[in-house]
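[1] sequence first, then the predicted structure:
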Amino acid sequence: MCTICGCSEGMPSAEVIQAHDARDQGRHHAHGQDDCDRHHAHRHRDQGQPHSRDARRRHDHDHHPFHHQAHRERAPSSCGAGSATLKLAPMNSERLVQIERDILGKNNRIAADNRARFVADNVLVFNLVSSPGAGKTSLLVRAASELKRSRPIGVIEGDQQTSNDAERIRSAGVPAIQVNTGKGCHLDAAMIGEAYRRLPLLTRGILFIENVGNLVCPAAFDLGEACKIVVLSTTEGEDKPLKYPDMFAASSLMLINKIDLTSLLAFDLPKTVEYARRVNPKVEVLTVSARTGEGFGALYAWIDRQGRIKDAPERT
Ligand SMILES: Nc1nc2c(ncn2[C@@H]2O[C@H](COP(=O)(O)OP(=O)(O)OP(=O)(O)O)[C@@H](O)[C@H]2O)c(=O)[nH]1
Ligand SMILES: [Mg+2]
């Protein structure tokens with residue numbers, strides 16, 4: 001949970017602070033725009049004035065969460081045990097629970113707006129979550145290049161730094177927006193609302209969101225998606241669902257990737273599925289290889305079923 005890891009409080013999307021602000025007091029800082037899909041302006045209430053600590057806190061960065069080296073003042077590392085110790089010491093548990101509620105409550109309200117917009121636009125949205133390197137982008141490059149023949153596809157990429165993943169998606173001929181979360185270890189609903197506005201209309205299409213590689217915090221943050229898909233690769237071992245149960249409990253589909261490596265790894269597929277169903281008896285399971293394309297037919301059939309569920313009239 002992000003009040004524990006500390007990545008959310010004080011730095012949700014709209015309140016991102018430039019990484020270098022502590023060092024450039026009084027100077028109007030320049031953006032590194034390499035990662036930017038579009039240039040955007042800062043509006044500083046106190047332009048040209050030296051920034052006091054309080055002023056920096058109030059600082060009205062009227063800009064997006066994207067592409068910034070974001071961090072909190074004296075930000076400890078996002079998920080480090082050190083940050084938990086630092087943050088928890090002066091705070092009683094009631095206050096902590098209240099902060100959690102506030103952060104998640106605000107996020108949930110924005111997620112509900114996103115969801116309403118996706119429904120109105122007739123766009124099916126999937127939130128891909130996994131540990132770093134499980135193969136989310138590789139899966140999306142293959143799926144997006146194949147699915148784009150039959151419907152509009154867009155991708156929102158979340159990473160702490162770089163626009164590498166968005167570039168990989170774009171080189172497959174699919175529009176992609178990169179969100180850089182800086183010290184943040186997950187995407188939030190406000191980031192998605194903003195990024196979605198920058199994509200072309202995807203009516204009757206699919207929006208894939210690739211969350212930051214992290215099996216913990218993204219579980220708690222609704223982005224307005226139809227469902228979460230957790231990608232687990234064969235190289236990670238069978239016990240991840242037991243170690244990170246929230247993520248597997250929050251997901252509708254577990255996609256076991258890198259199935260082409262099974263024989264090299266002695267990966268135990270039945271055991272992995274059994275562990276996942278211990279924490280989420282309803283989770284569906286598919287095996288794929290983003291490298292060879294194995295299993296993608298079944299994945300597309302699953303995606304089509306979600307579309308049909310979405311299009312079906314609501315039962316009363
Ligand atoms: N053998 C094999 N390698 C794969 C497969 N899918 C991905 N890889 C490799 O795994 C590595 C990580 O893949 P990515 O697609 O970048 O993983 P990711 O989950 O997007 O990583 P982050 O965005 O950093 O969290 C790359 O070297 C891929 O080539 C697969 O199905 N089989
Ligand atoms: Mg990736």
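    Perfect, I can see it now. Numbering: from 1, shown residues only. Ligands and ions are numbered 1, 2, ... in the order given.
[2] for the rest of this, base every contact and every neighbour count on C-alpha atoms.
    Will do.
[3] what about stretch 214-230, near ligand 1?
    No: judged by Cα under 6 Å from any ligand atom, stretch 214-230 stays clear of ligand 1, getting no closer than 7.5 Å.
[4] what is the end-to-end distance of that stretch?
    Length of stretch 214-230, first residue to last, Cα to Cα, to the nearest Å: 11 Å.
[5] can you give me the strands for the protein?
    If DSSP state E is used as the criterion, the strands of the chain fall at 124-130, 153-159, 176-180, 206-210, 227-233, 251-257, 284-287.
[6] nearest to S138, out of these?
    Relative to S138, the nearest member of the strands of the chain by Cα to Cα is strand 251-257, separated by 9.9 Å.
[7] which strands and helices sit next to the closest one?
    On a contact count with 3 or more Cα pairs under 8 Å, 6 or more residues apart in numbering; DSSP states H and E, strand 251-257 meets strand 227-233, strand 284-287.
[8] redo the strands of the chain as CSV? Include mean neighbour count and mean pLDDT.
    Converted to CSV, the strands of the chain look like this (neighbours: other Cα atoms under 10 Å; pLDDT from 0 to 100):
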stretch, mean neighbour count, mean pLDDT
strand 124-130, 25, 98
strand 153-159, 26, 98
strand 176-180, 28, 98
strand 206-210, 24, 98
strand 227-233, 25, 98
strand 251-257, 22, 98
strand 284-287, 17, 98
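[9] closest one to E94 among these?
    With Cα to Cα as the criterion, E94 lies closest to strand 251-257 of the strands of the chain, at 29.0 Å.
[10] residue contacts, V231?
    L128, V129, S130, S131, A134, G135, K136, M254, L255, I256, N257 (Cα atoms under 8 Å, 6 or more residues apart in numbering).
[11] tell me the bridge partners for the third one.
    Spelled out, it's S130. V231 (DSSP bridges).
[12] so how far is G205 from D159?
    Taking Cα to Cα, one finds D159 at 24 Å from G205.
[13] now swap in G295 and tell me
    For G295, the distance to G205 - Cα to Cα - is 21 Å.
[14] more neighbours: the two, which one.
    Ranked by neighbour count (other Cα atoms under 10 Å), G295 and G205 place G205 first, with 20 against 17.
[15] got the contact list for the closest residue to that one other than its chain neighbours?
    Among residues not flanking G205 along the chain, P152 sits closest, at 4.5 Å (Cα to Cα, 6 or more residues apart in numbering). Neighbour list for P152: L202, T203, R204, G205, I206 [criterion: Cα under 8 Å, 6+ apart].
[16] can you count the residues close to the first one?
    When you say that, I think you mean L202. Neighbours of L202 (other Cα under 10 Å): 18.
[17] spatially nearest residue to it (excluding sequence neighbours)?
    Nearest one to L202, counting by Cα to Cα, 6+ apart, is P152 at 5.3 Å.
[18] ok so, going back, could I get the contacts of P152 as CSV with distance to ligand 1?
    Shown next, in CSV, are these (distance: Cα to the nearest ligand atom, whole Å):
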residue, distance to ligand 1
L202, 22
T203, 26
R204, 25
G205, 22
I206, 18
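[19] ok, these vs H186, which is closest?
    Closest to H186 out of the contacts of P152 is I206 (21.0 Å), distances taken as Cα to Cα.
[20] thought G307 was touching L124?
    Yes: look at G307 against L124 with Cα atoms under 8 Å: they come within range, at 6.6 Å.
[21] which residues touch P218?
    Contact analysis of P218 by Cα under 8 Å, 6+ apart lists V129, C185, H186, L187, N211, V212, M247.
[22] next, count neighbours for the residue nearest to F296 when sequence neighbours are not counted.
    Nearest residue to F296, sequence neighbours excluded (Cα to Cα, 6+ apart): V288, at 6.3 Å. V288 is flanked by 22 other residues according to other Cα under 10 Å.
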